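> Give me a model of this one.
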Amino acid sequence: MQKHDHEGHVATSEHFPTDAAGLVEAAGSDVLDLADGDEVELRIAPVSKRIGDETVRMLAYNGSIPGPTLRVREGSELVVNVANEADLEATVHWHGLRLDNRYDGTHQTQAPIPVGGTFTYRIVFPDPGVYWYHPHIREDYGQEMGLYGNIVVVPADPDYWPPAHREVLLTLDDVLIEDGKIARFGREETTYAAMGRFGNVMLVGGETELSLSAQLGEVVRFYLTNTANTRVFNVAVPGARMKLVGGDSGRHEREQLVDSVIVAPSERVVIDVLFEQPGQLTLEHRTPERTYSLAAIEVSPEAATPALRKDFDSLRYNPEWVAERERLARHFDAPPDKTLALVAEMDLGTPDGDVVYVCPMHPEVVSDKADHCPKCGMKLLPAALVAQAPAAGAHGQHGHGHGDQEEHHGHAQHAEHGDDQAHGHGHGHAQHGHDQHGEAGGIEWEDDMVDVNRMTTPANMRWSFVDRETGAVNHEIDWRFRVGDQVKVRLVNEMDSDHPMHHPFHIHGAGRFVVLARDGAAEENLVWKDTVLVRTGETVDILLDVTNPGIWMAHCHIAEHHESGMMFSFNVAPADAN
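Okay, the predicted model is just below:
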C-alpha cells in the first residue's frame, strides 16, 4: 500500500521527509556561556519553521536554527553529548578547530551516530576566533535543512580584539523552497552537483526578515559565518564604516578599512562596524548585477558610550604576526611542495543524429561541436538535452510568492555599486554583467543554469582534485606529513574543465594555513585560515602549518561538490614517529 503525506502526495522512501505537521516550532538560538570542563547536550531533531508564508520541515540542533552558540574561553575543553533523533545517521564536525583527530566528526574518525544513537565528543579550543559545527554525512542535506551553529572562542588576551561596544553573530544562508517545502532531497543521490544548490530565500541568523538596532557612534563587532551550500556573499553596510579585523582562525595581521567583505561557504569574517549617522541602514549582499537586503539596521540618535571612534580609526598591526612572518618568510618565494588542480568532467549523454551544442549559461552560444563556451569556459551541451531540462515553472513558488530563483524574499535590487572591495586584496567586483567569469570576479553569484544544474548528480558530474605530481585523483591522493611540517600547496583552478567555477577549499584540523599568494601576487595581510576561496582560473598558494596527528580531510566546501567526490584524506604522523 502506498503511503501519502498530509497533502495527499505519495510519500516514498526515495526522498527525505518534507511533512512539517505535528513538529515542534523552531526556536531562536541561545548563547551558551561555557566554562572549562563543562558538559553540553546537543540534540539533532526535526522541527517546523516559518519561512515567509510557508511552514516547512527542517532539522535543528536543540530545536533552534541556527543551533546554540557555544561561547568558550581560549584553551578550554568541553564535553559534548550528541543525540541523533533525525532521519539519517549523523556526525558533528567542529569546523576550523585544531582538535583531537578522533573527535573531528567524519566517517573516517568515528562510527556514524545511528538514528536513536548518541556520541560524546571532547572538544578543545586552542585558538581565539569564530568557528562553527555542522554535519559531515550528507552535508548537502543537513546544512540546507538548518544543521549549523557557531562557536566563539574568547581570547585569553583581553586586548586581542580592538574595543567594541558589543558583538553580534550572524549566519549567512539560503534555502531552496519549492511548492511550499524545502526542495526535495533524494536519500541515495545528491542533485545540483554542477553548481551546488542555490537557494531562493535567504536566511540571516535563521531569519528571513532580520531587524537589528544600533546607537549613534556605536561600534558593533559582527562575526559572519557562511553556512550556505554554495552561495558566496559579498557583505556591505552602506552609510556606516567597516573595518576588517579577523578571519577564519583569529585576527588579521593588520586591521583594514574596507567597503565590503567576501564570505565564501564555510568561511568566517570578523568586521567592526561604526555607525556614524542615525536612521535606517541595511546590511547588504552585493553582486555584480543585484543588491540584496540581508537585514534592516535602525540606528537611534542616542549616543553610545564610551566613545570609541578614535579606537576604530586606529588600524592596529598585531604583534604576533611579526614573528609569524619571520617563521614563514622562506616559503613565499619557494616552489610548492604539492600542486592540486581543480577540474570537472560532465557527461550528460549525446542524442543520436546531428547535434547542435549550446551553453546552458549563455544560450546564445551555439556550435556544431562539443567545444567550450568562449564566455565562461563551460562545456557545451546538446541543445536537445538542455531543452529537455525541467521547465522553470516546476520550481514552484518560494515562501514569499516569487517564482524567480534570483528574487530573494522580495528584497533584490539592481546593483549600481562600482566600488566594492573584497577583503582589500584588490580583487574588486565593480564590473557589471555576467558574460564572463572575469566580469564576475571569478565567482558564480547565482545559478545561471537552474534546470540543467538540477539534473546533475555524481553519476554525470565529477568534480576532482588532481595531484599534478602523481596524477592521483580525489581518494587516490596519498599525502603523508609529520607534525611540525610546513607544506606549501598550490591550488590551480583549471579553466580547461567542463565547468570552470570557484571552489572554497577547506582543510580539517591537521593545522591551519595562511594564503601566501594569489596569481603570483603576495598576500599583504595574513590571517590564519581553514578555508580559501579559489576563484575561476585562479592559482592560490597556501602554507599549511601541520600541528595535529591523524587522518584528516581536505575538500571543496560547496556541499554538492564534496558529496560528488571532490575530497581526499591525508595522514599526519606524530613529530617523533619513525
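> Could you tell me which residues within the longest helix along the chain count as buried?
In the chain, with assignment by DSSP state H, the single longest helix is helix 320-328. Neighbour-count burial for helix 320-328 flags 321, 324, 328 (criterion: 16 or more other C-beta atoms under 10 Å). Glycine gets a C-beta too; all of them are placed from N, C-alpha and C.
> go on, stretch 256-274?
Within stretch 256-274, the residues scored as buried using 16+ other C-beta under 10 Å are 256, 258-274.
> Wait, Val343 touches Val466, no?
Yes: contact criterion C-beta atoms under 8 Å: Val343 and Val466 qualify, at 6.0 Å.
> in the chain, which spans are helices?
139-144, 309-313, 320-328, 383-387, 450-455, 559-563.
> Pick the most buried one from these.
The highest mean neighbour count among these, using mean count of other C-beta atoms under 10 Å, belongs to helix 559-563: a mean of 27.
> helices or strands up against it?
Contact analysis of helix 559-563 by 3 or more C-beta pairs under 8 Å, 6 or more residues apart in numbering; DSSP states H and E lists helix 139-144, strand 550-556 as its packing neighbours.
> Can you list the neighbours in contact with it?
138-140, 143-144, 190-193, 195-197, 229-230, 265, 458, 463, 503, 555-556 (C-beta atoms under 8 Å, 6 or more residues apart in numbering).
> can you check stretch 154-165 too?
71-75, 128, 215, 218-221, 243, 245-246, 251, 255, 270, 272, 304, 308, 311-312, 314, 316.
> Just the buried ones from those?
Judged by 16+ other C-beta under 10 Å, buried ones among the contacts of stretch 154-165: 71-74, 128, 215, 218-221, 243, 245-246, 251, 255, 270, 272, 304, 308, 312.
> Got phi/psi on the spatially closest residue to Val515 that is not a sequence neighbour?
The shortest distance from Val515 to any non-neighbouring residue, by C-beta to C-beta, 6 or more residues apart in numbering, is to Glu523 (4.8 Å). Note on Glu523: backbone dihedrals following degrees, to the nearest 10 are phi -70, psi 130.
> residues in contact with Glu523?
Contacts of Glu523 by C-beta under 8 Å, 6+ apart are 425, 514-517.
> How about Thr18?
5, 56-57, 181-182, 184.
> Likewise for Asp478?
Contacts of Asp478 (C-beta under 8 Å, 6+ apart): 470, 472, 570.
> The nearest residue to the last one once chain neighbours are set aside: what's it in contact with?
Of all residues beyond its chain neighbours, the one nearest Phe570 is Trp479 (3.8 Å), with distances taken as C-beta to C-beta, 6+ apart. Taking C-beta under 8 Å, 6+ apart, we find Trp479 in contact with 338, 467, 568, 570-571.
> now the nearest residue to Ala60 once chain neighbours are set aside: how far from Ala21?
Closest residue to Ala60 apart from its sequence neighbours, by C-beta to C-beta, 6+ apart: Val47 at 4.5 Å. Val47 is 12 Å from Ala21, where distance means C-beta to C-beta, to the nearest Å.
> more neighbours, these two?
More crowded of Val47 and Ala21, by other C-beta atoms under 10 Å: Val47, with 22 against 10.
> doesn't Tyr61 make contact with the more buried one?
No: counting by C-beta under 8 Å, Val47 does not reach Tyr61; the two are 10.0 Å apart.
> With distance to Thr225 and mean pLDDT as new columns, can the helices of the chain be given to me in JSON lines?
Formatted as JSON lines, those follow (distance: least, C-beta to C-beta, whole Å; pLDDT from 0 to 100):
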{"stretch": "helix 139-144", "distance to Thr225": "12", "mean pLDDT": "96"}
{"stretch": "helix 309-313", "distance to Thr225": "23", "mean pLDDT": "97"}
{"stretch": "helix 320-328", "distance to Thr225": "23", "mean pLDDT": "93"}
{"stretch": "helix 383-387", "distance to Thr225": "36", "mean pLDDT": "63"}
{"stretch": "helix 450-455", "distance to Thr225": "25", "mean pLDDT": "87"}
{"stretch": "helix 559-563", "distance to Thr225": "15", "mean pLDDT": "95"}
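> ok, Ala577 touching Phe481?
No: counting by C-beta under 8 Å, Ala577 stays clear of Phe481, with 10.7 Å between them.
> the more surrounded of those two?
Neighbour totals were compared for Ala577 and Phe481, and Phe481 leads with 20 against 9 (other C-beta under 10 Å).
> What separation do you get for Tyr160 and Ser260?
24 Å.
> again with Tyr121
For Tyr121 relative to Ser260 (C-beta to C-beta), the value is 36 Å.
> do Gly550 as well
On the measure of C-beta to C-beta, Gly550 and Ser260 end up 37 Å apart.
> again, but for Leu169
19 Å.
> Separate out the buried members of the contacts of Thr18.
Looks like the contacts of Thr18 have 56-57, 181-182 buried, using 16+ other C-beta under 10 Å.
> got JSON lines for those residues, with distance to Leu88 and pLDDT too?
Shown next, in JSON lines, are the buried ones among the contacts of Thr18 (distance: C-beta to C-beta, whole Å; pLDDT from 0 to 100):
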{"residue": "Val56", "distance to Leu88": "18", "pLDDT": "97"}
{"residue": "Arg57", "distance to Leu88": "14", "pLDDT": "97"}
{"residue": "Lys181", "distance to Leu88": "18", "pLDDT": "95"}
{"residue": "Ile182", "distance to Leu88": "15", "pLDDT": "95"}
